[in-house]
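Participant: Sequence plus predicted model, see below.
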Amino acid sequence: MEFQYCTYFDSNYFLRGLALFHSLRQYQPHAVLWVLCLDDATFANITRLAYPGLKGIHQRELEAEDPELFALKPQRTKVEYYWSSGPSWLLYVLRNNPDAPGVIYLDGDLFLFAPLTPIYQELENASILIHEHRFTNDSESLSATQGRFNVGVVAFRRDSSGMACLKWWRERCIEWCFMRNEPGLFGDQKYLDQFPILFQNVHVLSHVGVGVASWNVGSHRIHFRNDTAMVDELPLVIYHFQGIHVLNPSVILNFGTRRITPGLRRIFSLYTRAIYAVWLDCRRKGIFVQKNQLDAKWNLTIFSIFKAVAAGRLVLKSPPLTALIAFPGTLLKKILGK
């Protein structure tokens, strides 16, 4: 039996979460993705879509099984509470899949470009799998605050070491999980630095094609070989699209990556198209994602938009970028969804 996969997201990440799901099913056809739905709209929409292999669980169901977690809700911000829920959510998935050999957590803003074969190969003799940020030299200082490891992909095998580590992580997140730095602490993520110290059979993923993101892509060459996305000389498996804003289903503004190369532009274009395809499928099924569910907090002036275009940070599905530069009215209509 394949490992179970899980993630969590709310309405703001709804399209991104569905794009993750479709990319997972493309390369792992029998995968089941469990989604902790962090608001009513997400749960209702996933239930209505009824995709095979997509299992939505309302946040209330997890809270009913974990009253210690629920008690934290008034004490933490929305994001802090989401982070606090992560390890409890993984344990829930394992409890409800007693035959599964383990669970793999995937952040909602990940996207697959190849099968997860490298992960399974490196997980074969491991109880716990984590991956490093691999910060570029100019971002290395972030390791002290963000941690050596990134929480975007984490796997636990159902054995004594894997379960002990996952339960320990849950206990720590119940005790402390805030969006601030204290010595040795940051959210749910910096606890991962302790995994190799405290637990046996922890494997640090070596394949550089997993967890490529704005904080490390500058150290690699992104290119295509026969339509296969590559990181240096290895296949790109998972890209972490952190630091983007979905302005409308076919427009993504990227703040995270400083320099967009031709290969990286193609990666972003494929991701934008995937989000657009998800949006269209939702519309066909009577699910209308509101603009405030795309990116409620974006507040950009036209000047900043054009500055982003000039710097190569605005990636679009259509119309072509040159047309947007030539016709500012088209750009404004595209951004506003008119």
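Facilitator: The structure has been received and is ready for your questions.

Participant: gap between whichever helix in the chain runs longest and the chain center?
Facilitator: Taking DSSP state H as the criterion, the chain has its longest helix at helix 262-284. The chain centroid and the centroid of helix 262-284 are separated by 15 Å under Cα atoms, centre = their mean, to the nearest Å.

Participant: ok, what's across the strand from the closest residue to residue 43 other than its chain neighbours?
Facilitator: The spatially closest residue to residue 43, leaving aside those adjacent along the chain, is residue 37, at 3.7 Å (Cβ to Cβ, 6 or more residues apart in numbering). Any C-beta I mention is one placed from the backbone N, CA and C, and that applies to glycine too. Per DSSP bridges, the residues bridged to residue 37 are residue 9, residue 58.

Participant: Report pLDDT for residue 37.
Facilitator: You'll see residue 37 listed with a pLDDT of 98.

Participant: That one is in contact with residue 62, isn't it?
Facilitator: No. Using Cβ atoms under 8 Å, residue 37 is not in contact with residue 62; the gap is 9.7 Å.

Participant: Wasn't residue 22 part of a strand?
Facilitator: No. Applying DSSP: H, G, I helix; E, B strand; the rest coil, one finds residue 22 to be helix, outside a strand.

Participant: any weak-confidence spans in the stretch 151-300 of the chain?
Facilitator: Counting by pLDDT under 70, the stretch 151-300 of the chain shows low-confidence ranges at 247-258, 290-300.

Participant: Going along the chain, name the strands of it.
Facilitator: Secondary structure of the stretch 151-300 of the chain (DSSP state E, counting those that start in this stretch): strands at 181-182, 185-186, 202-204, 210-213, 222-225, 228-231, 234-235, 238-240, 244-248, 251-254.

Participant: if I pick residue 28, what's in contact with it?
Facilitator: Applying Cβ atoms under 8 Å, 6 or more residues apart in numbering to residue 28 gives the contacts 2, 5, 112, 115, 116.

Participant: same thing but 10 Å
Facilitator: Shown in contact with residue 28 (Cβ atoms under 10 Å, 6 or more residues apart in numbering): 2, 3, 5, 53, 104, 112, 115, 116, 117, 120.

Participant: how close does it get to residue 157?
Facilitator: The gap separating residue 28 from residue 157 is 17 Å, by Cβ to Cβ, to the nearest Å.

Participant: which one of the strands of the stretch 151-300 of the chain is the most hemmed in?
Facilitator: strand 238-240 (a mean of 26; mean count of other Cβ atoms under 10 Å).

Participant: and that one, what does it pack onto?
Facilitator: Packing partners of strand 238-240 (3 or more Cβ pairs under 10 Å, 6 or more residues apart in numbering; DSSP states H and E): helix 14-27, strand 110-112, strand 149-157, strand 210-213, helix 262-284.

Participant: If we use 7 Å, what do you get?
Facilitator: On a contact count with 3 or more Cβ pairs under 7 Å, 6 or more residues apart in numbering; DSSP states H and E, strand 238-240 meets strand 110-112, strand 210-213.

Participant: Redo those strands as JSON lines? Include distance to residue 137.
Facilitator: Below are the helices and strands packed on strand 238-240 laid out as JSON lines (distance: least, Cβ to Cβ, whole Å):
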{"stretch": "strand 110-112", "distance to residue 137": "25"}
{"stretch": "strand 210-213", "distance to residue 137": "16"}
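
Participant: Quick one: the helices in the chain, in order.
Facilitator: According to DSSP H, the helices that the chain contains are 14-27, 40-49, 59-65, 67-70, 78-95, 117-123, 142-146, 160-175, 195-198, 262-284, 302-310, 321-326, 328-336.

Participant: Residues touching the fourth one, excluding its own?
Facilitator: To tie it back to what came earlier, the one meant is helix 67-70. Helix 67-70 is contacted from outside by 63, 84, 85, 88, 174, using Cβ atoms under 7 Å, 6 or more residues apart in numbering.

Participant: Just give the number of residues close to the residue nearest to the third one when sequence neighbours are not counted.
Facilitator: Looking back up the chat, that one is residue 85. Spatial nearest neighbour of residue 85, chain neighbours left out: residue 69 (6.1 Å); criterion: Cβ to Cβ, 6+ apart. For residue 69, the count of nearby residues is 20 (other Cβ atoms under 10 Å).

Participant: Next one: residue 69 relative to residue 147, how far apart?
Facilitator: For residue 69 relative to residue 147 (Cβ to Cβ), the value is 22 Å.
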